[in-house]
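1. Give the three-dimensional model of this entry:
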Amino acid sequence: MKKSIIVALSAIALSSAAVAAMKNPIVGGAAMFPTKNIVENAVNSKDHTTLVAAVKAAGLVDTLMSPGPFTVFAPTNAAFGKLPAGTVDTLVMPENKGTLTTVLTYHVVAGRMTSTDIANKIKAGKGMATLTTVQGGTLTARMMGKKLVLTDAKGGKSTVSQANVMQSNGVIHVVDTVLMP
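-> Alright, predicted model coming up:
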């Protein structure tokens, strides 16, 4: 009898550990669900309200809700806050929709690339990998210690602060700086 109780308790403990290991990642205070698409998850992140507003202003909601898959390097509100004063307000104006779309699509790579996929490309590239964005430009990916760092066309650097947030139509990697084409 004692043996069966121990086995049952062990099974419960293992099940709890498995459930805990499978918890959805938290981004901006909200759980991100792999069954939801990029937009459905991003709207719940308190850290991505500026990005969501920009995606809406650029008319990219339907695109980022489509099957994809996409790899999105998602700047936080703090990343947008690093831009010169007034930049975001200017970009979201209707007359600047083209420029805003260019900036946002520069943060998207076609396909689903996990941090392991990117690290493997970096290794194969002897320390760096070139990623072609949906906008048509390129990002250079490198490892700096254990951090994945992207360099944009203007030489700006952005560090992935949270990787592999899986979505039904791709993956999001949270970044700390807006990338500029």
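2. Beyond the helix or strand bottoming out on mean pLDDT in the chain, next helix or strand please.
-> Lowest on mean pLDDT, DSSP states H and E among the helices and strands of the chain sits helix 2-21, with a mean of 41. Counting by DSSP states H and E, the element after helix 2-21 in chain order, helix or strand, is strand 26-27.
3. which other residues reach that following strand?
-> Defining contact as CB atoms under 8 Å, 6 or more residues apart in numbering, one finds that strand 26-27 is touched by 32, 41, 45, 47-48, 162, 165, 172, 174. C-beta: built from backbone N, CA, C; applies to glycine.
4. Export stretch 100-119 to CSV, keeping only CA atoms.
-> This file holds the C-alpha atoms of stretch 100-119, laid out as CSV (Å, rounded to 0.1, in the frame of the first residue of the first chain):
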residue,chain,number,x,y,z
LEU,A,100,6.6,53.5,-40.7
THR,A,101,6.0,50.4,-42.8
THR,A,102,9.6,50.4,-43.9
VAL,A,103,10.9,50.6,-40.3
LEU,A,104,8.5,47.9,-39.0
THR,A,105,9.0,45.4,-41.8
TYR,A,106,12.8,45.8,-41.2
HIS,A,107,12.1,44.0,-37.9
VAL,A,108,10.6,40.9,-39.6
VAL,A,109,12.3,38.0,-41.3
ALA,A,110,10.3,35.5,-43.3
GLY,A,111,10.2,32.0,-41.7
ARG,A,112,10.4,30.8,-38.2
MET,A,113,13.9,31.3,-36.8
THR,A,114,14.5,30.3,-33.2
SER,A,115,17.5,31.6,-31.3
THR,A,116,19.1,28.1,-32.0
ASP,A,117,18.5,28.5,-35.7
ILE,A,118,20.1,32.0,-35.7
ALA,A,119,23.0,30.7,-33.5
